[in-house]
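>>> Need coordinates for the below:
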Amino acid sequence: MNTLNLTKKEIRDYFSTPVAYIVLVVFGVIIGVYFSQFVFVDNQASLRKIFEFIPMLWIIFIPAITMKSFSEELKTGTLEVLATLPVSKKQIIISKVLSNLFVAFVMLLSTLPLAYTIIKLGNPDIGQIIISYLGLLLVASAYIFVGIVVSINSRNQIVAFILSSFVIALLYFIGEVQVLNFVPNKYRDFFEFLGMGSHYKSIAKGVVDSRDIIYYLSLLVLLYQLILISFNRIQKKGK
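Numbers count the residues shown, from 1 in each chain. Model (predicted):
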């Protein structure tokens, strides 16, 4: 119950500022314009281009919503106060993740009219569309965890935003062909495995490979541990 209450508070706080609405509106406009240019792929109505575009667009938008997760509380000193309340560190962290994921989920909801349009115009694979959306939620979760790791280690929101975008871009593109062309052959498989983009693109094709799921879940566990370590360090410093 504490986690749910904290999550609701985080969401209320976020939507009490213009930032949330600006992010959602700008995201919707960009996606709408992009969709109008790529409704048809190979003469077929398709969401493929949108599903490929959203993770790249999120490299900017997700850090914009995660940058204040802990940075503002570190700056004002309220994180130490929050840590003394009858809630666990895990509940605080999970509430931050869920509130940010809620905003990302709202962004995805804004694309549903596009999916409806595609279904009306053509005969798409509904199963593939559903799997692609689930894949995007995995991508959003990974981006959010990265953003929170950076946010909890920075008192400046702008610095948190820039560093988060850089780290996410690095993790997403490190396994792409354009990067692999500069990597020695013996390391290519390793770099491709590290890249979030290569794992997501497999899911977006409608192929549910356990290796891709395990990759994302392992990444989330690792990032969660980094957040927990950072939280413990801040807590010890405050004592």
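>>> Dihedrals phi and psi, N181?
For N181, the backbone dihedrals are phi -60, psi -20 (criterion: degrees, to the nearest 10).
>>> now the longest helix seen in the chain: how far from the chain's centre is it?
Of all segments of type helix in the chain, defined using DSSP state H, the longest is helix 210-238. Helix 210-238 sits 15 Å away from the centroid of its parent chain (C-alpha atoms, centre = their mean, to the nearest Å).
>>> Let me know the average pLDDT across it.
pLDDT averaged over helix 210-238 equals 88, rounded to a whole number.
>>> list the helices and strands that helix packs on?
Helix 210-238 sits against helix 78-83, helix 89-109, helix 126-151, helix 196-204, with contacts defined as 3 or more C-beta pairs under 8 Å, 6 or more residues apart in numbering; DSSP states H and E. Yep, even glycine has a C-beta here, placed from its N, CA and C like the rest.
>>> how close does V97 sit to G28?
V97 is 23 Å from G28, where distance means C-beta to C-beta, to the nearest Å.
>>> Between these two, which is the more surrounded one?
A direct count of neighbours by other C-beta atoms under 10 Å for V97 and G28 places V97 higher, at 23 against 15.
>>> after the least confident helix or strand in the chain by mean pLDDT comes which helix or strand?
Lowest by mean pLDDT, DSSP states H and E among the helices and strands of the chain is strand 40-41, with a mean of 64. Next in sequence after strand 40-41, counting helices and strands by DSSP states H and E, comes strand 44-45.
>>> With just CA atoms, put the helix or strand just after that following strand into CSV.
Counting by DSSP H and E, the next helix or strand C-terminal to strand 44-45 is helix 48-66. Presented in CSV, the C-alpha positions along helix 48-66 are these (Å, rounded to 0.1, in the frame of the first residue of the first chain):
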residue,chain,number,x,y,z
ARG,A,48,6.9,-0.7,-38.2
LYS,A,49,8.5,2.7,-38.7
ILE,A,50,6.8,4.1,-35.6
PHE,A,51,7.9,1.1,-33.5
GLU,A,52,11.5,1.7,-34.7
PHE,A,53,11.3,5.5,-34.1
ILE,A,54,9.8,5.6,-30.6
PRO,A,55,12.9,4.1,-28.8
MET,A,56,15.1,6.7,-30.5
LEU,A,57,12.7,9.5,-29.6
TRP,A,58,12.6,8.3,-26.0
ILE,A,59,16.3,8.8,-25.7
ILE,A,60,15.4,12.4,-25.2
PHE,A,61,11.9,12.2,-23.7
ILE,A,62,12.5,9.5,-21.0
PRO,A,63,15.4,11.5,-19.5
ALA,A,64,13.2,14.5,-19.5
ILE,A,65,10.8,12.8,-17.2
THR,A,66,13.3,11.0,-15.0
